[in-house]
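Chemist: I would like the atomic coordinates for the input below:
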Amino acid sequence: MTSFAAYAPDAGGRPPAAISLRPATKGDIGGILRLEVVSGRAAGSVGSAEGYRRAIADPDRCVLIAETVDAGRRLLVGWAKTHHLVEAVDPAPPGHYLGGITVDPAWRRRGIGAALTDARLQWIAARAATASYVVNARNRASIDLHRRWGFAEVLRAPRLMGVEFEGGVGLLMRADLSVVQPD
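Modeler: Numbering: from 1, shown residues only. Modelled structure (predicted):
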């Protein structure tokens, strides 16, 4: 199993989800960990509670939660984060990066990933002129999602930001935020 969503561009037809986005808190860490497992992340790729706690507390990072209400209960249906590299890591240059994004498989293809991405890009745009992200070259779902914000390939490498890619090829993608329009 891969750690990213299957590529199925014609699998739409589901109504948009009624969600709210908010900054993550330390109280969300258990829900984030559960969501990673439900989403099929391999044991070694699921972050640690301490890593999520540091990300949430870091003022140079944005960690967001997507929630909905179902039968009167608030459900965490997605989450996403950013990274801020101060120094180059592998060939990845310094800057603000979109980090991981996970949407509950039962809630995918309903606009949640796009909403989380747009909100993080707006957060980065208040701090920088460009945003980057790294992605497995095989992750066509992510590459297609990010095209609407103008992300284009900058370079290919077997290792970016300390990540070695399944299949051996990762892409560094970048967008000029001066031309990015919110969805």
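Chemist: Let me know how buried A71 is, in neighbour terms.
Modeler: A71: 5 surrounding residues under other Cβ atoms under 10 Å. Any C-beta I mention is one placed from the backbone N, CA and C, and that applies to glycine too.
Chemist: and if you look at the one 5 residues further on?
Modeler: L76 is flanked by 19 other residues according to other Cβ under 10 Å.
Chemist: you'd agree it is in a strand?
Modeler: Yes: counting by DSSP: H, G, I helix; E, B strand; the rest coil, L76 is located in a strand.
Chemist: Please tell me I have it right and it contacts V69.
Modeler: No: between L76 and V69 there is no contact under Cβ atoms under 8 Å: 11.5 Å.
Chemist: what is the rounded mean pLDDT of the helix or strand hosting A80?
Modeler: Using DSSP states H and E, A80 falls within strand 73-85. Strand 73-85 comes out with an average pLDDT of 95.
Chemist: got the residue ranges for the strands in this protein?
Modeler: All strands of the chain, identified by DSSP state E, fall at 20-23, 63-70, 73-85, 95-103, 130-136, 152-157, 159-160, 163-164, 170-176.
Chemist: Please tell me how far the helix or strand of the chain with the lowest mean pLDDT is from the chain's geometric centre.
Modeler: Least confident helix or strand of the chain, by mean pLDDT, DSSP states H and E, is strand 163-164 with a mean of 88. Distance, stretch centre to chain centre, for strand 163-164: 16 Å (Cα atoms, centre = their mean, to the nearest Å).
Chemist: Make CSV from the strands of the chain and add distance to A114 to it.
Modeler: Shown next, in CSV, are those (distance: least, Cβ to Cβ, whole Å):
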stretch, distance to A114
strand 20-23, 11
strand 63-70, 11
strand 73-85, 10
strand 95-103, 10
strand 130-136, 14
strand 152-157, 18
strand 159-160, 23
strand 163-164, 23
strand 170-176, 14
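Chemist: weakest of these in terms of mean pLDDT?
Modeler: Taking the mean pLDDT of those, strand 163-164 comes last: a mean of 88.
Chemist: Partner strands of it and their direction?
Modeler: Strand 163-164 pairs in its sheet with strand 159-160 (antiparallel), by DSSP bridges.
Chemist: Return the distance of the strand it pairs with from the chain's centre.
Modeler: That offset, for strand 159-160, works out to 17 Å (Cα atoms, centre = their mean).
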